[in-house]
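**Q** using only what follows, build the 3D model:
(chains A and B)
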Protein chains: 2
Amino acid sequence: MTKETNIHPFDAAIYLTKENEKYIGKTSDAYKNMIGPFGGVTAASLLKAIIDHPERKGEPISLTVNFAAAIKDGKFSIQPRLRRSTRTTQHWYVELKQKGSVSITATAVLVRRKDTWSETEARMPEVPLAGELASIPVEGLPAWVGQYDMRIVKGIPDLDNPKIVEDSTTLQWIKDVPDRPLDVFSLTSICDAFFPRIFVKRNEMGLIGTVSLTVHFHADLKTIGENGERHILAKAWANKFYNRFFDQTGEVWSEEGELLATTNQMVYFRR
Amino acid sequence: MTKETNIHPFDAAIYLTKENEKYIGKTSDAYKNMIGPFGGVTAASLLKAIIDHPERKGEPISLTVNFAAAIKDGKFSIQPRLRRSTRTTQHWYVELKQKGSVSITATAVLVRRKDTWSETEARMPEVPLAGELASIPVEGLPAWVGQYDMRIVKGIPDLDNPKIVEDSTTLQWIKDVPDRPLDVFSLTSICDAFFPRIFVKRNEMGLIGTVSLTVHFHADLKTIGENGERHILAKAWANKFYNRFFDQTGEVWSEEGELLATTNQMVYFRR
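**A** Numbers count the residues shown, from 1 in each chain, chains lettered A, B, ... in the order given. Next comes the predicted model:
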């Protein structure tokens, strides 16, 4: 908790006020990235605008966020538009603007879940517990990294030893700093909270930027909340790096072994 | 080729005419599904409206299509809106409407690619060649299945033996019937051209419907075109079936072993 406000920095970062049909937010210094704010928090803000909307019904199952332009420090507006409702689903289109220009387009599908036959085919990776691993140091890294406790099992860029490795997979335990109970917003943000695959692949930094991020939610809000302040296990890998773009594909698991979300993004890299 | 028109049924199905800011299409009997048209062809039509648009620059890298309502037989309109352009990217929002109601929302990102360092981490599944496998029979199946030659290596629903299997993965060689050179539209459609995972998982049919489909393109238009009229290899699996929704996650490979696309969808199931 920050002393002045008693609000968690993540909640402050995704805090929105309503002005007519729009929700107004402000970039957070705590979640600064190399250029503009950390995209995970921005994605969470877009989802929050939908969840806060008086017409919202149901829980998110799918969120796609397309990052069109770098967000500048300061205010932004988010306008969620409900485009179609059915008995089971809601379909939203959302834009984030700064000074009248669209910086982000996004769509989301919300649904009414119902108890049915269920089964998980994916297997949670077998890894040491978070308590058995050291937190990564965050000095010299963009501010947002310091807002997470990351305990990396494998796949951390070794910048002293730049070389291309065969497997860019990262496995990490992660949770908010300071502690904050997991919810659908922090889960969304954590789906983007990886070192970019190309940094791991080549063990060097470079200019990159997420172009499109999709999150599929595989658990209801109650199950997500049950993780509380514990770490969750996040895995990310890449299928292909090709002519300026690569994918980052991931899974996020609760500490108890529930698959909470899968995520896919396409990322620009300069060379 | 159809005799009357000399146009391939797939090209007829995604054929659009322009009326002011909108593109008008018509559902195709050849690609009928159990309810409404096959979603893959609809997704391809949305992408075609963008590609046909005079302001379009670049090649698709990401497409997300949210299916809000069943499409009725007959005409539909597609309106692509360019929301933001940068030097490298274009961001589009698209709606498909019937009789004034939104049936589909979609976003797409188009990019200018450039030769860079490239590497594929994913491995093409090792399977028998298409020529060594029999085509599946299509009698009694929805019309769209007959528009494809599918040679399934594994993962076909065994309706005579309904039981839950551990692994719902399907591996199939697939191409258009009649032959048609692969392009970004048919590739998009093929990303949806699987038996639904739950049919494979439980070896029984049931009421299902795709809610959200994302395709990430990992090859440029030239590379896609180089596959010509040969089969491509498509793999699909599910991570989790949970309270009315499951994912279908897939890869599509050229015959020569190039990863062309990855795809993820969330699908409704009744019980």
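
**Q** which residues of the stretch 51-200 of chain A lie near chain B?
**A** Taking C-beta under 8 Å from any C-beta of the partner chain as the measure of proximity, the stretch 51-200 of chain A contacts chain B at A:61-62, A:64, A:66, A:68-69, A:83-84, A:86, A:88-89, A:91, A:93, A:95, A:101-103, A:105-107, A:109, A:111, A:113-122, A:164, A:166-168. (Glycine included, C-beta is placed from N, CA and C.)

**Q** restricted to strands, list these.
**A** A:61-62, A:64, A:66, A:83-84, A:89, A:91, A:93, A:95, A:101-103, A:105-107, A:109, A:111, A:119-120 (DSSP state E).

**Q** are any of these buried, and which?
**A** Among these, the ones that count as buried by 16 or more other C-beta atoms under 10 Å in any protein chain shown are A:61-62, A:64, A:66, A:83-84, A:89, A:91, A:93, A:95, A:102-103, A:105-107, A:109, A:111, A:120.

**Q** what is the neighbour count of residue A:128?
**A** If you count neighbours by other C-beta atoms under 10 Å in any protein chain shown, residue A:128 ends up with 11.

**Q** same check, this time on residue A:31
**A** Residue A:31 has 26 neighbours, counted by other C-beta under 10 Å.

**Q** for it, give its distance to residue A:177.
**A** Distance, residue A:31 to residue A:177, using C-beta to C-beta, to the nearest Å: 11 Å.

**Q** between those two, what contacts are shared?
**A** Residues within reach of residue A:31 and of residue A:177 at once, by C-beta atoms under 8 Å, 6 or more residues apart in numbering or on different chains, are residue A:147.

**Q** quick one: contacts for the nearest residue to residue A:257 once chain neighbours are set aside?
**A** Excluding the flanking residues, the one nearest residue A:257 by C-beta to C-beta, 6 or more residues apart in numbering or on different chains is residue A:124, at 4.9 Å. For residue A:124, the contacting residues are A:233, A:253, A:257, A:259, by C-beta under 8 Å, 6+ apart.

**Q** then residue A:146?
**A** Taking C-beta under 8 Å, 6+ apart, one finds A:30, A:138, A:177 in contact with residue A:146.

**Q** my guess is it is in a helix, correct?
**A** Yes - residue state for residue A:146 (DSSP: H, G, I helix; E, B strand; the rest coil) corresponds to a helix.

**Q** mind checking pLDDT for it?
**A** With respect to pLDDT, residue A:146 has a value of 98.

**Q** how much space separates it from chain B?
**A** Computed as C-beta to the nearest C-beta, to the nearest Å, the residue A:146 to chain B distance reads 29 Å.

**Q** follow-up on the earlier one: can you lay out the contacts of residue A:146 as CSV showing secondary structure?
**A** Shown next, in CSV, are the contacts of residue A:146 (three-state DSSP):
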residue, secondary structure
A:30, helix
A:138, coil
A:177, coil
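
**Q** and the angle from the longest helix along chain A to strand A:101-111?
**A** Longest helix of chain A, by residue count under DSSP state H: helix A:39-52. Using axes from the mean of the first three to the mean of the last three C-alpha atoms, to 10 degrees, the direction of helix A:39-52 lies 60 degrees away from that of strand A:101-111.

**Q** tell me what helix A:39-52 is packed against?
**A** The contact analysis (3 or more C-beta pairs under 8 Å, 6 or more residues apart in numbering or on different chains; DSSP states H and E) places helix A:39-52 against helix A:9-13, strand A:22-26, strand A:59-67, strand A:75-85, strand A:89-98, strand A:101-111, helix A:184-190, strand A:208-217.

**Q** dump those into a markdown table; add distance to residue B:201 and mean pLDDT as well.
**A** Listed next are the helices and strands packed on helix A:39-52 as a markdown table, based on distance: least, C-beta to C-beta, whole Å; pLDDT from 0 to 100:
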| stretch | distance to residue B:201 | mean pLDDT |
| --- | --- | --- |
| helix A:9-13 | 37 | 98 |
| strand A:22-26 | 40 | 98 |
| strand A:59-67 | 19 | 98 |
| strand A:75-85 | 29 | 98 |
| strand A:89-98 | 22 | 98 |
| strand A:101-111 | 20 | 98 |
| helix A:184-190 | 25 | 98 |
| strand A:208-217 | 17 | 98 |
